[in-house]
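Trainee: output the structure for:
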Amino acid sequence: MQNYLSVLCILALSSLAFAQQPVVQATPAQPAPAQQPPMPSAFGKDIKPGDNSPEARLRKMWESKIEAEWEAITTKDKKAYGDLLADDYEGVENDGKGERNKVQAIEELPESNISNYSLWGFKLIPADPDAVMLIYEVNMLFPPKSQVRFSRVYISELWLKRASEWKEVHYQETRVK
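Mentor: Numbers count the residues shown, from 1 in each chain. All right, here's what the predicted structure looks like:
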């Protein structure tokens, strides 16, 4: 019985000790500042709003050039496509037809039947201030009645700055299974 009374006293004293602690009232949480969503990138890597670092500006510039190139191909816009290519442009596509120069690449544009595309895996390799290599992949979707409905290619492009303008000098694509 004495043990019982001892345990009861300890419990009573413990409860009094806990009762002496101040009560902390919950304060309403401050609303999180509204954040702008990241700027979506065609290449799958979002750029944070307000990121004006040299790397972000460079990435935005090159992504927009590649997107402009693929929009020109998809819409069969010879002028827009030709404006991106250097006069000494050489392109090699995965169709086995060999190398194309600027005139050939522009003239075959109307034969293109890409109905949609998606870009991803963008990689930028600066060689010097006036030369850059771009590497990326593109998934191409062709119209429903096409023999080939879908194609995925790995692309490498060499761009050079000439007379203050960036021009694509070389294009190489390799089919990805």
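Trainee: from what I see, A127 and M133 are in contact.
Mentor: Yes: taking Cβ atoms under 8 Å as the definition, A127 is a contact partner of M133 at 6.4 Å. Where you see a C-beta, it was placed from the backbone N, CA and C, and this is true even at glycine.
Trainee: those two: who's more crowded?
Mentor: For A127 and M133, the more surrounded residue by other Cβ atoms under 10 Å is M133, and the numbers stand at 14 against 11.
Trainee: who's in contact with the more buried one?
Mentor: L124, I125, A127, S156, E157, L158, W159 (Cβ atoms under 8 Å, 6 or more residues apart in numbering).
Trainee: could you turn the buried ones of these into a PyMOL selection?
Mentor: Buried residues among the contacts of M133 (16 or more other Cβ atoms under 10 Å), as a PyMOL selection:
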select buried, resi 156+157+158+159
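Trainee: which of the contacts of M133 sits closest to I106?
Mentor: When the contacts of M133 are compared for distance to I106 (Cβ to Cβ), E157 wins out at 16.2 Å.
Trainee: and the gap between E111 and D95?
Mentor: As judged by Cβ to Cβ, to the nearest Å, E111 and D95 stand 11 Å apart.
Trainee: got a list of contacts for stretch 123-132?
Mentor: So stretch 123-132 is contacted by 58-59, 62, 133-136, 158-162, 166 (Cβ under 8 Å, 6+ apart).
Trainee: among those, which are in helices?
Mentor: The helices, defined by DSSP state H, take in L58, R59, W62 from the contacts of stretch 123-132.
Trainee: just the buried ones from those?
Mentor: Looks like the ones in helices among the contacts of stretch 123-132 have R59, W62 buried, using 16+ other Cβ under 10 Å.
Trainee: now the ones in helices among the contacts of stretch 123-132 as CSV including pLDDT and distance to Y171?
Mentor: As requested, the ones in helices among the contacts of stretch 123-132 are exported to CSV (pLDDT from 0 to 100; distance: Cβ to Cβ, whole Å):
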residue, pLDDT, distance to Y171
L58, 86, 20
R59, 87, 20
W62, 94, 14
